[in-house]
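# Quick one: sequence plus predicted model below, questions after.
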Amino acid sequence: MSDQFSVITQDLAAHSRTVGAIGDGVKEAGDAGHSVRAGGDAYGKICSFLPPLLGVLQDTLIQGITDSADDLRDTAEKLRATAEHYDTTDLNSADAITRSGRRP
């Protein structure tokens, strides 16, 4: 027989909200990355080649941040759905047990 475990669905739902809020914050960081760019003259004439190179790096980093935000929000939704599934399963099981004890 396997070990038993229990899930406090309210805690799981609260955790999903926390993960979702973190995802929102990470998305905000990615959005900020789109609005802040080094201008062509940010490093002077001698180093004018740097802003385009940094722009490529920045685009890669922004994409990584955006992907992370999407993953966090997706995980939050899956956690919420799992908590809901536990609650539904528990209610259905309790109902089945209650019905099984009734006399016809």
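Perfect, I can see it now. Residues are numbered from 1 along each chain as shown.

# And the pLDDT for Pro104?
At Pro104, the predicted lDDT confidence score is 64.

# if I look at the residue sitting nearest the centre point of the chain, how far off is Val7?
Nearest residue to the geometric centre of the chain (C-alpha atoms, centre = their mean): Leu72, 1.5 Å. Applying C-beta to C-beta, to the nearest Å, the value for Leu72 to Val7 is 21 Å. All C-beta atoms are positioned from the backbone trio N, CA, C, and that covers glycine.

# in terms of contact, does Gly55 touch Gly39 like I think?
No. Taking contacts as C-beta atoms under 8 Å, Gly55 lies outside contact range of Gly39: 10.6 Å.

# These two: who's more crowded?
Gly55 (13 against 7; other C-beta atoms under 10 Å).

# check which helix or strand covers the nearest residue to that one once chain neighbours are set aside.
Ranked by C-beta to C-beta, 6 or more residues apart in numbering and with sequence neighbours excluded, the top spatial neighbour of Gly55 is Arg37, at 6.6 Å. When elements are assigned from DSSP states H and E, Arg37 belongs to no helix and no strand.

# coming back round to it: tell me which element the closest residue in space to the residue nearest to the centre of the chain that isn't next to it in sequence is part of?
Using C-beta to C-beta, 6+ apart and skipping residues adjacent in sequence, the residue nearest Leu72 is Gly23, 3.2 Å away. Assigned by DSSP H and E, Gly23 belongs to helix 9-35.
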